[in-house]
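[1] okay, sequence plus prediction incoming.
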Amino acid sequence: MAAAAPVPSAVRVLIADDHRLFAEALEAILATDKRIEVAGHARDGREAVTLYEAVKPDIVLMDIAMPVMDGLEAARKIRELEPAACILMLTGSNAREDVDRARRAGAAGYVTKDRIAAELIDAILEVASR
């Protein structure tokens, strides 16, 4: 009897967004794809850093604008802890300046909130495969 091929594990995602309903919508979108598993939710940047250390997700979906510590600073702190951390920034803006700031903070990618439904799962799977 031949051994079964290993089943790839789901991509574990930490959602960091201060808007509860938006975070729940993200989770609902991600739940439609069995290749993705939500590992936790953070309501601000500081909590995102703490949760990152606790759950070691494959990818962090990080809102740029959050209380306590913004997503850019949280991304920098996570990348200090784990240089290979994979962070996708989420924002309502697609201004070039925001994209540049996200890249400088160590983001692997950038998704605008108006394109979440169309692009989020593909963006997650793309950066997870790098």
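    Perfect, I can see it now. Since the structure is predicted, the reported quantities are computational estimates derived from the model, not experimental observations. Numbering: from 1, shown residues only.

[2] and the closest residue to Ala108 other than its chain neighbours, how many neighbours?
    Leaving out its chain neighbours, the residue that sits closest to Ala108 by C-beta to C-beta, 6 or more residues apart in numbering is Val127, at 4.5 Å. Placement of C-beta: from N, CA and C, glycine included. Neighbour count of Val127, defined by other C-beta atoms under 10 Å: 17.

[3] quick one: low-confidence parts of this protein?
    Applying pLDDT under 70 to the chain flags residues 1-8.

[4] please, which helix or strand holds the most centrally placed residue in it?
    Compute the mean C-alpha point of the chain, and by C-alpha atoms, centre = their mean the closest residue is Leu61, 1.7 Å away. Assigning secondary structure by DSSP states H and E places Leu61 in strand 59-63.

[5] what does that strand rub up against?
    The contact list for strand 59-63, computed with C-beta atoms under 8 Å, 6 or more residues apart in numbering, reads 11-19, 26, 45, 48, 52, 71, 74-75, 78, 85-91, 107, 111, 120, 124, 127-128.

[6] mind listing the helices for the chain?
    Counting by DSSP state H, the segments of the chain that form helices are 20-30, 45-55, 71-81, 96-104, 116-128.

[7] Val38 is nearest to which of the ones you listed?
    Distance to Val38, taken as C-beta to C-beta, is lowest for helix 20-30 among the helices of the chain, at 5.1 Å.

[8] elements contacting the closest one?
    Contact partners of helix 20-30 among helices and strands, from 3 or more C-beta pairs under 8 Å, 6 or more residues apart in numbering; DSSP states H and E: strand 11-16, strand 36-42, helix 116-128.

[9] how does it look with 6 Å?
    strand 36-42 (3 or more C-beta pairs under 6 Å, 6 or more residues apart in numbering; DSSP states H and E).

[10] report the strands that pair with the strand it packs on, each with its relative direction.
    With DSSP bridges as the test, strand 36-42 is paired with strand 11-16 (parallel).
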